[in-house]
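Model the following, please.
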Amino acid sequence: MAELAFFTGTMDSGKSTLALQMDYNHRAGGRRGLLFTRHDRSGEAAITSRLGLRTPAIEVTGTTSFWDEVVTRRTHAAEVDYLICDEAQFYLAAQVEELARVVDELDADVYAFGISTDFRGRLFEGSRRLVELADRVEVLQVETLCWCGRRATHNARTVGGRMVLEGDQVLVADIAAPHEHRHEGQVPAEVGYETLCRRHYMAGQTAAHVRILHEGDQLLPFGD
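Below is the predicted model of the structure:
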């Protein structure tokens, strides 16, 4: 029986790596599938992993119909057993509903991957609908860490190292040091993301704003 599964975690928790591994495993088992993504960090129509893996994928737009993508191929005698849907947080609620319909009426498995909340700590539209409709929701077990060493639970957007809570919900950047190379077309290096534990997300304390004081191993914001 086909299912709609949603795999979620913070940024840098291996979602895209798992998506590509799952596609590989299913293909090795003789199944045929379609790969989708939206706003991949590479700026290309591909699913890319921070480990260096890359596979071409269909770029999802506001007009993409997953139903049509599957039906058109099956009409032309092409097998479609499953869909891998990366960066699913950026999908529209109506598109997630269509994915559920693909599962229920076309009997194709759908494996969706994405982060749950944005830099403001609010659910993305696509993620919210996936939590509401998925047959199962799995939180990835690869933990990312806050600068303090605790488990990271939130995705913070930074500008020049400082956490911000205003701006467009969708702004493609990466978890990377300012000196690291950025692909052409990506936002400037001073805009990035950092995963934080709830305590330091709520306090707005990023790694760039904290220094270790050796007196008692105390952590204080810069300037204190």
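
how about the spatially most central residue of the chain, what does it touch?
Nearest to the geometric centre of the chain sits residue 114, at 3.4 Å (C-alpha atoms, centre = their mean). Neighbour list for residue 114: 6-8, 15, 86-90, 124, 126-127, 130 [criterion: C-beta atoms under 8 Å, 6 or more residues apart in numbering]. Just so you know, the C-beta spots here come from the backbone N, C-alpha and C atoms, and that holds for glycine as well.

Show me what it bridges to in the sheet.
residue 8 (DSSP bridges).

Please give me every residue in contact with residue 38.
With contact set as C-beta under 8 Å, 6+ apart, residue 38 has these partners: 59-61, 86-88, 90-91.

Restricted to strands, list those residues.
Secondary structure assignment by DSSP state E places residue 59 of the contacts of residue 38 in strands.

Return the members of the contacts of residue 38 classed as buried.
60, 86-88, 90-91 (16 or more other C-beta atoms under 10 Å).

closest to residue 204 among these?
residue 90 (25.2 Å; C-beta to C-beta).

In this structure the closest one contacts residue 170, no?
Yes. Counting by C-beta atoms under 8 Å, residue 90 does reach residue 170; the two are 6.3 Å apart.

Mind listing the shared neighbours of the two?
Common neighbours of residue 90 and residue 170 (C-beta under 8 Å, 6+ apart) are residue 39.

Could you dump the contacts of residue 38 into JSON lines and include distance to residue 158 and pLDDT?
As requested, the contacts of residue 38 are arranged in JSON lines below (distance: C-beta to C-beta, whole Å; pLDDT from 0 to 100):
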{"residue": "59", "distance to residue 158": "27", "pLDDT": "96"}
{"residue": "60", "distance to residue 158": "27", "pLDDT": "97"}
{"residue": "61", "distance to residue 158": "28", "pLDDT": "96"}
{"residue": "86", "distance to residue 158": "23", "pLDDT": "96"}
{"residue": "87", "distance to residue 158": "20", "pLDDT": "95"}
{"residue": "88", "distance to residue 158": "24", "pLDDT": "96"}
{"residue": "90", "distance to residue 158": "20", "pLDDT": "95"}
{"residue": "91", "distance to residue 158": "25", "pLDDT": "97"}
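
So, low pLDDT: which residues of this protein?
172-189, 210-224 (pLDDT under 70).

Got the domain ranges for it?
4-139, 154-221 (automatic domain parsing).

quick one: the strands in this protein?
Using DSSP E, strands in the chain cover 4-8, 33-37, 46-48, 54-56, 58-59, 82-85, 109-114, 136-139, 154-159, 162-164, 191-196, 210-213, 218-221.

residue contacts, residue 81?
26, 31-33, 108-109 are the contacts of residue 81 under C-beta under 8 Å, 6+ apart.

Which residue is the nearest non-sequential neighbour of it?
Nearest residue to residue 81, sequence neighbours excluded (C-beta to C-beta, 6 or more residues apart in numbering): residue 31, at 4.2 Å.
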